[in-house]
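Q: Mind looking at a prediction? Sequence and model below.
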Amino acid sequence: LKFSDAQQKQENQIKAIRSYIQQKVDVIAFSPVVETGWDTVLLEAKRANIPVILTDRAIDSDDSTLYKTFLGSDFVEEGKKAGEWLKANAAGAKNVVELQGTTGAAPAIDRKKGFEDAIAGSDLKIVATQTGDFTRSGGKQVMEAFLKSVPQIDVVYAHNDDMGLGAIEAIKAAGKVPGKDIKIITVDAVKDGMTALAAGEINFIVECNPLLG
């Protein structure tokens, strides 16, 4: 197994794929950091007869022959589950702020769509939305800004646990109680997220299972 950490950058992923094509590997598997911009490099892999497997995230391409298969979760369904739970447990909550994942990434696009579809027609509305880049520091930074600019926040919907955990830090620093004063919904179910859920600081987590190997 050859492994390359692309540091969440598309250009690094493309470089790594080209390097693997030159090394004549048997299979390339990767998790595309954004949906678009893959056709050229994947065509190179196809011409070299190296099968490509997309893991965790899909791509947006008109040519489905560029990869053999996609292994991953239904991100739209995850967003829907988050929205359905909120509708059933909103109890007077109205104003939702959204911490989006990396701009252009499949999970960010789909988790937003699923959630919006689920809360459509209810009293709930997204009053502010911004990317926290799927990171804890990003979630904290965006939440700090939301707490200053949005008069009433009832719910935080974070596209992953890490951003939700960052939001918790910001909420505590603002003198509010996460999970009580502001409900928090996240996606993933990583260990730190589950710990916060057990402590009552996160109210609901939609599991996104990473065991795709």
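A: In hand now; what should we look at? Numbering: from 1, shown residues only.
Q: now for the helix or strand containing Arg18, which elements pack on it?
A: Assignment of secondary structure by DSSP states H and E places Arg18 within helix 10-22. Using 3 or more C-beta pairs under 8 Å, 6 or more residues apart in numbering; DSSP states H and E, the elements in contact with helix 10-22 are strand 28-30, helix 39-47. Every residue, glycine included, has its C-beta placed from N, CA and C.
Q: Which parts of this structure are helices?
A: Counting by DSSP state H, the segments of the chain that form helices are 10-22, 39-47, 75-89, 106-119, 136-149, 161-173, 191-198.
Q: Switch those helices over to TSV; also include distance to Thr65, mean pLDDT and mean neighbour count.
A: Putting the helices of the chain into TSV (distance: least, C-beta to C-beta, whole Å; pLDDT from 0 to 100; neighbours: other C-beta atoms under 10 Å) gives the following:
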stretch	distance to Thr65	mean pLDDT	mean neighbour count
helix 10-22	16	98	16
helix 39-47	7	98	16
helix 75-89	23	97	19
helix 106-119	19	96	22
helix 136-149	36	98	19
helix 161-173	35	98	24
helix 191-198	37	98	15
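Q: And the ones you listed: which comes nearest Val155?
A: helix 75-89 (6.4 Å; C-beta to C-beta).
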